[in-house]
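K.L.:
Sequence first, predicted model second:
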Amino acid sequence: MSVTCCLATPLLASDIPCPIPDTGQVSCYDHSRVISPPPPGAPYHGQDAQLAARPPAYRDNGDGTISDLVTGLTWSKAVSLQKVSLEEASTLARSLKLSGHRDWRVPNIKELYSLIDFRGFTGSGSFHHAAPADAIPFINTDYFDFAYGNIAAGERFIDAQWLSCTRSVSTTMGGAETLFGVNFADGRLKGYGFRHPGRPEKKFFVRYVRGPHYGLNQFRDNRDGTVSDLATGLTWQQNDQEPLSWQEALRSAETLVLGGHSDWRLPNAKELQYLVDYTRSPDTTGSPALDPIFSSTAITNEAGQPDYPTYWTSTTHLDGPHPAHNAATICFGRAIGQMHGTIMNVHGAGAQRSDPKIGRDEIGRGPQGDARRVKNFIRCVRGGTLPSPTPAPEKMEGYPTRPRVISYGTYAQPNPIPPSSREIIGRR
């Protein structure tokens, strides 16, 4: 949802109602390994870890709730190993009394995605076996309880999807009703076909939230090729740019001069996802999942359909045996894949997936046969650096080098990850 205005008032840090927490990523990467932070003008300069944004900051209230000191939201800490449907989760939220409050709700997708932490790593093992020893959840387990999928029940370890209340305005997987959720095991946001005719309804983990509603955009057309979002304090390039490789995209953003400014950069994953308008899609509004104040290039997708682009972020997605190989992307058009030989929209407009930094285009990758593009479009951003000191989070030792994971039947002790993974995720 968004509000569009054409005011000329200045944007003050104190006026930002929806600050976006940083992704947590602390290391820089080329296409294959961790690298030293590249200086200006060098290849790979301007990536996520080089942004001085608002670091995630939480407080454990000691009553089963966690406060997010950046967004102002309060979250339930625990996770039930009994997965639920959206209807069941909504009913439970209405009856939940926690820390003396009864105004709990199922989060929308922007609220839920604000918790993702890109120090996570899917690990280097098979999806159909137990979580690899080097796997790290994509959520800070010092504060939030987390469980992988139940292997004994026939699930994959990556079946750790948390639901939101945000339904897709379109369908996926050949006609399934779809809602958006975040997989904190593999670091992706997808539309999940939760209701197929003749099949049991898909169920999810759930985490409840209370506090100010988060996720609104308030756009201002600056009449100079830029658009300010008064909700987040970010200013965006109004038009997109042609498809480039990830390295080329970082360089193009660094050299952009627009609206009298030269401090443009590639947005990180949380910033770009916050731009998505989940009330729009190519199938229902004939548009990208984006407010029409922006211009988006029309493309033809792998199925031969008129569509809209996927866009690079500056965030490396640590996934699989070659963890530095991919960068996170946001699909403002259909999230294309190939299932049973048919090319279709598998994850919905507004999904966050990842694409290779080098290589070649392909389709059929992963469980849903994702289409992977080596060159994606870009929309640059400026702003978002810390205007004033952020409250310091509690000092806790654990995540990401000693993540805590709930086991089915017992609560696992912190499990040190191998030194090789510590080098991948880096340290502050």
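P.N.:
Good, I have the coordinates.
K.L.:
next helix or strand past the longest strand along the chain?
P.N.:
Ranked by number of residues, the top strand in the chain under DSSP state E is strand 161-172. Where DSSP states H and E defines the elements, the next helix or strand beyond strand 161-172 is strand 176-183.
K.L.:
And that next one, what does it pack against?
P.N.:
With contacts taken as 3 or more C-beta pairs under 8 Å, 6 or more residues apart in numbering; DSSP states H and E, strand 176-183 sits against helix 109-113, strand 161-172, strand 188-195. Every C-beta, even on glycine, is put in place using the N, C-alpha and C of the backbone.
K.L.:
Identify whichever of the ones you listed lies nearest to Pro267.
P.N.:
helix 109-113 (13.6 Å; C-beta to C-beta).
K.L.:
what helices or strands is the closest one leaning on?
P.N.:
Under the contact rule (3+ C-beta pairs under 8 Å, 6+ apart), helix 109-113 is packed against strand 161-172, strand 176-183, helix 269-274.
K.L.:
looking at it, Pro55 is touching Gly24, isn't it?
P.N.:
Yes. In terms of C-beta atoms under 8 Å, Pro55 counts as a neighbour of Gly24; the distance is 7.5 Å.
K.L.:
Compare the two (neighbour count), which wins?
P.N.:
The residue with more neighbours, out of Pro55 and Gly24, is Gly24; 24 against 17, by other C-beta atoms under 10 Å.
K.L.:
Please tabulate the helices and strands packed on strand 176-183 in CSV, including the columns distance to Pro403 and mean neighbour count.
P.N.:
Listed next are the helices and strands packed on strand 176-183 as CSV, based on distance: least, C-beta to C-beta, whole Å; neighbours: other C-beta atoms under 10 Å:
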stretch, distance to Pro403, mean neighbour count
helix 109-113, 19, 25
strand 161-172, 16, 23
strand 188-195, 18, 24
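K.L.:
got the buried residues for stretch 288-295?
P.N.:
Pro288, Ala289, Leu290, Asp291, Ile293, Phe294 (16 or more other C-beta atoms under 10 Å).
K.L.:
Can you say which helix or strand has the third one in it?
P.N.:
Pointing back at Leu290 there. According to DSSP H and E, Leu290 maps onto no helix or strand at all.
K.L.:
What are the boundaries of the helices in the stretch 101-250 of the chain?
P.N.:
Per DSSP state H, counting those that start in this stretch, the stretch 101-250 of the chain carries helices over the ranges 109-113, 246-255.
K.L.:
Just tell me which of those helices ends up closest to Pro43.
P.N.:
Closest among the helices of the stretch 101-250 of the chain, using C-beta to C-beta: helix 246-255, at 5.9 Å.
K.L.:
what's the closest one in contact with?
P.N.:
30-31, 40-41, 43-47, 241, 244, 264-266, 312, 314, 327, 355, 357, 375-376, 378, 380 (C-beta atoms under 8 Å, 6 or more residues apart in numbering).
K.L.:
Which of those fall within strands?
P.N.:
Taking DSSP E as the definition of strands, these contribute Gln241, Leu244, Trp312, Ser314, Ala327, Asp355, Asn376, Ile378.
K.L.:
so the last one bridges to which residues?
P.N.:
With DSSP bridges as the criterion, Ile378 is bridged to Gln241.
K.L.:
Report pLDDT for it.
P.N.:
If you check Ile378, the pLDDT there is 98.
K.L.:
related to what we said a few turns ago, could the helices of the stretch 101-250 of the chain be laid out in JSON lines, adding distance to Asp221 and mean pLDDT?
P.N.:
As requested, the helices of the stretch 101-250 of the chain are exported to JSON lines (distance: least, C-beta to C-beta, whole Å; pLDDT from 0 to 100):
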{"stretch": "helix 109-113", "distance to Asp221": "22", "mean pLDDT": "98"}
{"stretch": "helix 246-255", "distance to Asp221": "21", "mean pLDDT": "98"}
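K.L.:
Can you say which of those is nearest to Thr401?
P.N.:
helix 109-113 (23.8 Å).
K.L.:
what's that closest one in contact with?
P.N.:
71, 73, 162, 164, 166, 180-182, 189, 207, 209, 213-215, 270, 273-274, 276, 278, 350, 352.
K.L.:
Now which of the residues you listed would you call buried?
P.N.:
Of those, these count as buried by 16+ other C-beta under 10 Å: 71, 73, 162, 164, 166, 180-182, 189, 207, 209, 214-215, 270, 273-274, 276, 278, 350, 352.
K.L.:
Can you report how many residues neighbour Phe144?
P.N.:
Count around Phe144 with other C-beta under 10 Å applied: 23.
K.L.:
Give the full set of residues in contact with it.
P.N.:
Ile66, Trp75, Lys77, Val79, Leu115, Arg207.
K.L.:
export those residues to CSV and tack on pLDDT and distance to His196?
P.N.:
Shown next, in CSV, are these (pLDDT from 0 to 100; distance: C-beta to C-beta, whole Å):
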residue, pLDDT, distance to His196
Ile66, 98, 34
Trp75, 98, 30
Lys77, 98, 33
Val79, 94, 25
Leu115, 98, 28
Arg207, 98, 25
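K.L.:
which ones are touching Gly41?
P.N.:
Here Gly41 is in contact with Glu254 (C-beta under 8 Å, 6+ apart).
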